[in-house]
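In: Take a look and give me a structure for this.
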Amino acid sequence: ISRPNRSDAHLSSADEAAREAEVREYFDDAAPKRHTKPSRSEHSAVYTDALVPDSSHPELDKFQELEAHTERLVYEGGKVGEEFVETEYYKDLGGVGKQHHTVTPGSLRLLLHFFRDLSAYELQNLLTFLSFVCANIAARADRNGIH
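Out: From the prediction side, this is the model:
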């Protein structure tokens, strides 16, 4: 910002005051409107707000418009339609839990190969654990209707 030169045009004091009032009014209108804060030190039963209420409240206008309509909404629907659409994808998934895997002599030989170095005690613990797992799998399948 530079200082005005002596040769710059100067306004009269009345014009200067009018211009100042115009600028002040512009910035007062542009400033955000805030509610006045109540005094913390002095309690007042009356809360005054310096805001002038605007004539336009879209939410209030919409609410009053909705309240003005006295007709009721009547539901005349029928049965709710099925949202599930069966596709080939779901048909393929239906058999996932129902597949039965049989134990073949080859798979038994493979298991014996992996467990051949176990002691009798370790083998007994393993068989107890496997029988427990198989019983739980069978119980879960019965609960879910998978046979």
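
In: measure E20 to D61 for me?
Out: Distance of E20 to D61, given as C-beta to C-beta, to the nearest Å: 38 Å. For every residue, glycine as well, the C-beta is placed using N, CA and C.

In: Check D29 too.
Out: 23 Å.

In: Then N5?
Out: Distance from N5 to D61, by C-beta to C-beta: 55 Å.

In: A9 now?
Out: 49 Å.

In: Also Y26?
Out: From Y26 across to D61, the span is 29 Å (C-beta to C-beta).

In: ok, then the element right after the lowest-mean-pLDDT helix or strand in the chain?
Out: Ranked by mean pLDDT, DSSP states H and E, the weakest helix or strand in the chain is helix 88-94, scoring a mean of 66. The helix or strand immediately downstream of helix 88-94 is helix 105-115, counting by DSSP states H and E.

In: now that following helix: mean pLDDT?
Out: On average, the pLDDT along helix 105-115 is 75.

In: for this structure, which helix is longest?
Out: Longest helix of the chain, by residue count under DSSP state H: helix 120-143.

In: buried set for that helix?
Out: Buried residues in helix 120-143, counting neighbours by 16 or more other C-beta atoms under 10 Å, are absent.

In: Thank you kindly, that will do.
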